[in-house]
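Participant: how would this look folded up:
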Amino acid sequence: MCNDLQAARSKACEIASDVVNGSVRPLLGARMLIGYLHRLENEIDRDVYLLVLGVDSESDALPIGPERQYWTPDALADKDRKADEYEANVRVDILEAATYIMKRFGSDRSFHP
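Facilitator: Sure thing, here's the model as predicted:
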């Protein structure tokens with residue numbers, strides 16, 4: 001179990017770093033993070049967990065990942081506008097959450113429960 005948690009911490013930190021450095025868009029980052037944060041829920045600030053969970057839930061109808069390949073260009077254009085609008089409203093909060101996750105689980109800092 002410890003190795004599973006260590007792997008989840010490492011992957012969450014990696015995704016959070018990608019969000020902060022701009023290589024992964026914040027909405028997609030939230031979607032990618034939530035699976036790992038479910039395992040780490042007891043190790044992170046509850047507000048951070050709920051923020052990422054909420055963003056993932058509120059954006060689940062938006063094609064922002066690999067599923068885009070199955071959408072028509074017209075439908076994507078409409079969904080992209082909606083994703084951009086929503087992301088503009090939550091960007092700062094997601095970046096703050098990602099920064100917290102990086103600091104919490106960064107490899108240069110040992111984990112202390």
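Participant: in the helix or strand harbouring Ala77, what's buried?
Facilitator: Per DSSP states H and E, Ala77 falls inside helix 73-105. Across helix 73-105, burial judged by 16 or more other CB atoms under 10 Å covers 79-80, 83, 86-87, 90, 93-95, 97-98, 100-102, 104-105. Every C-beta, even on glycine, is put in place using the N, C-alpha and C of the backbone.
Participant: name the helices or strands packed onto the helix or strand where Leu27 lies?
Facilitator: Using DSSP H and E, Leu27 sits within helix 26-40. In terms of contacts (3 or more CB pairs under 8 Å, 6 or more residues apart in numbering; DSSP states H and E), helix 26-40 is packed against helix 2-20, helix 46-58, helix 73-105.
Participant: Leu19 contacts Gly29, doesn't it?
Facilitator: Small correction: residue 19 is Val, not Leu. Yes. Val19 lies in contact with Gly29 (CB atoms under 8 Å); the separation is 3.6 Å.
Participant: Common neighbours of these two, please.
Facilitator: Shared contacts of Val19 and Gly29 (CB atoms under 8 Å, 6 or more residues apart in numbering): 94, 98.
Participant: which helices and strands sit right next to the helix holding Ala77?
Facilitator: Secondary-structure packing of helix 73-105 (3+ CB pairs under 8 Å, 6+ apart): helix 2-20, helix 26-40, helix 46-58.
Participant: could you dump the first one to PDB, C-alpha only?
Facilitator: Taking C-alpha atoms only, helix 2-20 is exported to PDB below (Å, rounded to 0.1, in the frame of the first residue of the first chain):
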ATOM      1  CA  CYS A   2       2.800   2.400   0.800                       C
ATOM      2  CA  ASN A   3       4.300   2.000  -2.700                       C
ATOM      3  CA  ASP A   4       0.900   2.700  -4.200                       C
ATOM      4  CA  LEU A   5       0.600   5.900  -2.100                       C
ATOM      5  CA  GLN A   6       4.100   6.900  -3.000                       C
ATOM      6  CA  ALA A   7       3.300   6.400  -6.600                       C
ATOM      7  CA  ALA A   8       0.100   8.400  -6.300                       C
ATOM      8  CA  ARG A   9       2.000  11.300  -4.500                       C
ATOM      9  CA  SER A  10       4.600  11.300  -7.200                       C
ATOM     10  CA  LYS A  11       2.100  11.300 -10.100                       C
ATOM     11  CA  ALA A  12       0.000  14.000  -8.500                       C
ATOM     12  CA  CYS A  13       3.100  16.100  -8.000                       C
ATOM     13  CA  GLU A  14       4.100  15.500 -11.700                       C
ATOM     14  CA  ILE A  15       0.600  16.500 -13.000                       C
ATOM     15  CA  ALA A  16       0.500  19.500 -10.700                       C
ATOM     16  CA  SER A  17       3.900  20.600 -12.000                       C
ATOM     17  CA  ASP A  18       2.700  20.300 -15.600                       C
ATOM     18  CA  VAL A  19      -0.400  22.400 -14.800                       C
ATOM     19  CA  VAL A  20       1.800  25.100 -13.100                       C
END
